[in-house]
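Asker: Provided below are the primary sequence and the corresponding predicted coordinates.
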Amino acid sequence: MQNIINSPIESIQFQNQSFLIKRDDLLHKDFTGNKARKFYYFFKNDFPD
């Protein structure tokens, strides 16, 4: 589960602007994106009643 926190960050250029993109789509081959982050939150904390 440690990879949830350490998702890669890429720098891109678009119209002379620099952007940092957090690549949650690269967290794991089967478990990615905001759903993985939400699950990680509930995993580390108590589930709601």
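Answerer: Sure thing, it's come through. Residues are numbered from 1 along each chain as shown.
Asker: and the pLDDT for the residue nearest the centre of the chain?
Answerer: When the chain is reduced to its mean C-alpha position, the nearest residue by Cα atoms, centre = their mean turns out to be Asp24, at 3.3 Å. With respect to pLDDT, Asp24 has a value of 82.
Asker: next one: Asn3
Answerer: Here the pLDDT value assigned to Asn3 is 57.
Asker: list the buried residues of the lowest-mean-pLDDT helix or strand in the chain.
Answerer: The weakest-scoring helix or strand in the chain, judged by mean pLDDT, DSSP states H and E, is helix 33-44 (a mean of 78). Neighbour counts over helix 33-44 (16 or more other Cβ atoms under 10 Å) mark 36, 40 as buried. For glycine as for every other residue, the C-beta is placed from the backbone atoms N, C-alpha and C.
Asker: switch to numbering from 49
Answerer: Shifting the count to begin at 49 puts that one at helix 81-92.
Asker: need the contact list for the residue nearest to the centre of the chain.
Answerer: The neighbourhood of Asp72, defined by Cβ atoms under 8 Å, 6 or more residues apart in numbering, consists of 55, 80-82, 84-85.
Asker: got phi/psi on it?
Answerer: Asp72 has phi and psi values of phi -70, psi -20 when expressed as degrees, to the nearest 10.
Asker: the one 4 residues further on too?
Answerer: Note on His76: backbone dihedrals following degrees, to the nearest 10 are phi -160, psi 150.
Asker: could you do Phe67 as well?
Answerer: Here is the backbone geometry of Phe67 (degrees, to the nearest 10): phi -130, psi 140.
Asker: for the nearest residue to Thr80 once chain neighbours are set aside, give its distance to Pro56.
Answerer: Nearest in space to Thr80, with sequence neighbours left out and distances taken as Cβ to Cβ, 6 or more residues apart in numbering, is Asp73 at 5.0 Å. In this structure, Asp73 and Pro56 are 10 Å apart, going by Cβ to Cβ, to the nearest Å.
Asker: what's the answer for Gly81, then?
Answerer: In this structure, Gly81 lies at 13 Å from Pro56, with Cβ to Cβ as the measure.
Asker: repeat that for Tyr88.
Answerer: Going from Tyr88 to Pro56 by Cβ to Cβ gives 16 Å.
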